[in-house]
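Trainee: sequence and predicted structure are below.
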2 protein chains.
Amino acid sequence: MSQQWVTIALDAMGGDHGPSVVVPAAIEALRRYPRLRLILVGLDEAVQGELKAHNSALSERLLLRAATQVVSMCEPPSQALRGKKDSSMRVAINLVKEGEAMACVSAGNTGALMATARFVLKTLPGIDRPAILSKLPTMNGHTHVLDLGANVDSSAEHLYQFAVMGSVLVSAVDSKPAPTVGLLNIGEEEIKGNEQVKEAAKLLQGSGLNYTGFVEGDDIYKGSVDVVVCDGFVGNVALKTSEGLAKMVSHYIRQEFKRNLLTKLAALVAMPVLKAFRARIDPRNYNGASLVGLRGIVIKSHGSADVHSFVTAIGEALVEVKKNVPELISEQLSEKLKVQEQRQAV
Amino acid sequence: MSQQWVTIALDAMGGDHGPSVVVPAAIEALRRYPRLRLILVGLDEAVQGELKAHNSALSERLLLRAATQVVSMCEPPSQALRGKKDSSMRVAINLVKEGEAMACVSAGNTGALMATARFVLKTLPGIDRPAILSKLPTMNGHTHVLDLGANVDSSAEHLYQFAVMGSVLVSAVDSKPAPTVGLLNIGEEEIKGNEQVKEAAKLLQGSGLNYTGFVEGDDIYKGSVDVVVCDGFVGNVALKTSEGLAKMVSHYIRQEFKRNLLTKLAALVAMPVLKAFRARIDPRNYNGASLVGLRGIVIKSHGSADVHSFVTAIGEALVEVKKNVPELISEQLSEKLKVQEQRQAV
C-alpha cells in the first residue's frame, strides 16, 4: 500500500539549524502535500526531542531512520566520505540508492553532499560531472542556472552536458517543450570569452537544444533565457555576489527608513509595499538546488534555510520525483550523445 | 604657464551618447575642479555643435583636438587598432603618450580602448597584462575589484600582479598604507577553488601585501577587504550580474509602488527615503574604471554614462594623476618582483 506515497528522505541534522528547522519543515510539508511521506534521518534523541517540542509524533507518513553521525558544515568532503558512513547525510542518500526514498533533501555541507551523493548514487551514463542547478527570480518570472559550484575548470564538453541536463530539467519542471539555453560569457560577440566557452558554443549550435547564444551576467536577472549555463566557479561567484548585493540593498533601505521620526513614519506607510516587493523575489521561495546528473534525486537546501525555505526545498524534490527528472536526463543525454557521434562519424 | 594645470584628454565621441554627454560633463568638471584643463578629442563639427548647444566655447581650459574617425561600440578591437588610427579614442590616448595630457577618459568600446591603450602606451615593466579595476559600494564604504574583464584565463602570476596593482592604487587613492587584499574564490577553505587561485594564494602569502586570504562573492558588498582580486571572466560576470540584480530590484520596487492608488500615495511618502537610499549606492558615483598596468592613466567610463557619471570618471582620472598611480605601481611592482626573485634564488 505504500505505493500511494511519494517518500522523501530528509537529512534532519544538516544545515546551520539541524532538526530545529528540518522537523517543523517536515510537519508543514506533510500538511501541504497530501501524498507526501517523509523519513527523518538523524540522531534519535535530537529528532524525537524536536518532534515533542512541536507536539508532533512519528506516524505512517513521518518515519524516523536513526543515524549515529553528523557531517559538520566545514568538514572536508573526503573526511565525511571516509569517516562518516553512518551520518544522517549518508544514510539519507543510501535510502535513495536502496529505493526506500525517491529523493532526499539536505541543508548540509555542499561539498560533502555532492561527494557522498556521487559516490553512493553514481552519475548517469554520459555524465562526467554532476552539477548544481538552482532557480532564480527574474524580471519576467524565473530562470535556472547551472553549475553553481560543483565543478571548477569545466571543459566545453562539461558545459555541453550541463546544458543538456538543465534543458531537460527545466522542460520537465516548467512543462516547456524547448526551453531556451544561453551560455554565460563576458560579451555577446562570437570572439569574446575563454576557449572553453567558445568551444561549448560550437557544440551547442549543433545540439538540437534551443540554444540562443551567449548571455552576460545581467541576462540572468533579465530572464533572457530559461537556462543559463556556466562553469561552477563563475556560477558560484555570481550567486554569492547576488546574495551580498541583496543584503547590502536591504541593509541600506532599512538604515534610511530608521534615520529619524519622519522616515520612520514613512516606513510605516511604505512597509506593506516593500513587503509585497520582497515576496516577489524572496530567496526563501527559491530554496532547493538540484544536484543534477546523478542516478537519483538529491536536493540541496541553503545551509541557513528557515522552515519556510526548507519546505520549498521539499516541494522541489517532490516535483522532480513526479517528473522523473534523472530518467529524463538520462534518455535525452544518450539521444544527444548519439546524434553527436553520428555527426562525427559522417 | 600650462604647468599649473592638470590636463586630461576626453574621448568626446565614445559611449552610447558621444559628445551630448561628454561636452556638458567637461563643462561641469571644469566648474568643479579649478586646476583642471580638458582637451576634447573628436569630430570638429560634432563637438563645436555641442558646445554651442550648451552656450559654451573653447577656452584656455577647454581645448579641442580634432579627430576624423570614431570607434563604434561593437567594433572588434583589432579592427579599431588597425583601421582607425585617427579615431577620437586613439588620438586621446596618443596625447597621454606624448605628454600633452596626463590622463585620458573614454566611454568607448572597452575592448578597443584596452587594445589601443596597450598598443600605444605599453604595459609597465613586470606587468604581463593590464587589468580593469573599479570601485564598488559596500556595507561599510567601498571596495575595489580587479580584473573586471580585460583578461580571461588569468594565471596565478597574473592574479598576483593584479593584487599588487590593486593594492598600490588603493593605497594611493584612499591614502591607506596597507589595504587588505582578498582573493575571490568559491569557498574560504584552503582546499577549494581552481589551481590558478590556489597557486596565487601561495604567491600572495609571501608577498608582503596585506593579504587576508580567500573571499567569496558576498564579501564584495560586505566590504570584507579593500581589494578583491579575480580573473576577468569571473569579475565581469560578477559585475554584470550585480547590474542585472540592481535593475530587477528597482523594477519590482517601482512596480509595487505603482500597483494602485494606495501604493501610489505610499510612494509619495517613501520616495525621499528611497532616493536617499539610492544616493548611497548610486552607480553613477562609482563610474570610472581604471585600466591599470599601463604606462599612463586611462579611465574607462560606462558606455551608457550620463553627465553626472562622466564627471565622476573625470574626477577619478584627476585623483590618479595627483597620486601618480602608474609610477607607484611600477616602483612597488619592481620591488615585489625583486623580493620574489631573491626568495627563489635562496
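Mentor: Received it, and whenever you're ready, just let me know what you need.

Trainee: which bits of the stretch 1-150 of chain A sit near chain B?
Mentor: A:74, A:76, A:111, A:137-139, A:149 (C-beta under 8 Å from any C-beta of the partner chain). From N, CA and C alone the C-beta is placed, and that goes for glycine too.

Trainee: which ones among those residues map onto strands?
Mentor: A:137-138 (DSSP state E).

Trainee: now, of the residues of the stretch 1-150 of chain A next to chain B, which are buried?
Mentor: In terms of neighbour count (16 or more other C-beta atoms under 10 Å in any protein chain shown), the buried residues within the residues of the stretch 1-150 of chain A next to chain B are A:76, A:111, A:137-139, A:149.

Trainee: quick check: the closest residue to residue A:57 other than its chain neighbours vs residue A:58, distance?
Mentor: Counting by C-beta to C-beta, 6 or more residues apart in numbering or on different chains, residue A:51 is the residue found nearest to residue A:57 once chain neighbours are left out, at 6.0 Å. For residue A:51, the distance to residue A:58 equals 7 Å [C-beta to C-beta, to the nearest Å].

Trainee: who's more crowded, those two?
Mentor: residue A:51 (20 against 12; other C-beta atoms under 10 Å in any protein chain shown).

Trainee: what packs against the strand or helix carrying the more buried one?
Mentor: Take DSSP states H and E as the rule and residue A:51 turns out to sit in helix A:44-53. Helix A:44-53 sits against helix A:19-32, strand A:62-66, with contacts defined as 3 or more C-beta pairs under 8 Å, 6 or more residues apart in numbering or on different chains; DSSP states H and E.

Trainee: rebuild the ones you listed as TSV, extending it with mean pLDDT and mean neighbour count.
Mentor: Conversion of those to TSV gives the following (pLDDT from 0 to 100; neighbours: other C-beta atoms under 10 Å in any protein chain shown):
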stretch	mean pLDDT	mean neighbour count
helix A:19-32	97	22
strand A:62-66	97	18
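
Trainee: would residue A:291 count as being in a strand?
Mentor: Yes: checked against DSSP: H, G, I helix; E, B strand; the rest coil, residue A:291 lies within a strand.

Trainee: now do the contacts for it.
Mentor: Taking C-beta atoms under 8 Å, 6 or more residues apart in numbering or on different chains, we find residue A:291 in contact with A:113-114, A:117, A:130-132, A:150, A:298-300.

Trainee: one more time with 10 Å, if that's ok
Mentor: Residue A:291 is in contact with A:93, A:104, A:106, A:110, A:113-114, A:117-118, A:121, A:130-133, A:150, A:297-300, counting by C-beta atoms under 10 Å, 6 or more residues apart in numbering or on different chains.

Trainee: any idea what the residue sitting nearest the centre point of chain A is bridged to?
Mentor: With distances taken as C-alpha atoms, centre = their mean, residue A:289 lies nearest the centre of chain A, 0.5 Å away. On the basis of DSSP bridges, residue A:289 is bridged to residue A:300.

Trainee: then residue A:37?
Mentor: Beta-bridge partners of residue A:37, as defined by DSSP bridges: residue A:7.

Trainee: still on that earlier bit, let me know the average pLDDT across the helix holding residue A:51.
Mentor: Averaged across helix A:44-53, pLDDT comes to 96.

Trainee: report the buried residues of that helix.
Mentor: So helix A:44-53, judged by 16+ other C-beta under 10 Å, has buried residues A:46-48, A:50-51.

Trainee: burial of the residue nearest to residue A:267 when sequence neighbours are not counted, as a residue count?
Mentor: Closest residue to residue A:267 apart from its sequence neighbours, by C-beta to C-beta, 6+ apart: residue A:257 at 3.8 Å. Residue A:257 is flanked by 22 other residues according to other C-beta under 10 Å.

Trainee: and what of residue A:6?
Mentor: Neighbour count of residue A:6, defined by other C-beta under 10 Å: 17.

Trainee: what do you get for residue A:282?
Mentor: Burial of residue A:282 is recorded as 15 neighbouring residues (other C-beta under 10 Å).

Trainee: can you check residue A:11 too?
Mentor: Neighbours around residue A:11, by other C-beta under 10 Å: 30.

Trainee: neighbours around the residue nearest to it when sequence neighbours are not counted, how many?
Mentor: Closest residue to residue A:11 apart from its sequence neighbours, by C-beta to C-beta, 6+ apart: residue A:106 at 3.6 Å. Residues near residue A:106, counting by other C-beta under 10 Å, number 31.
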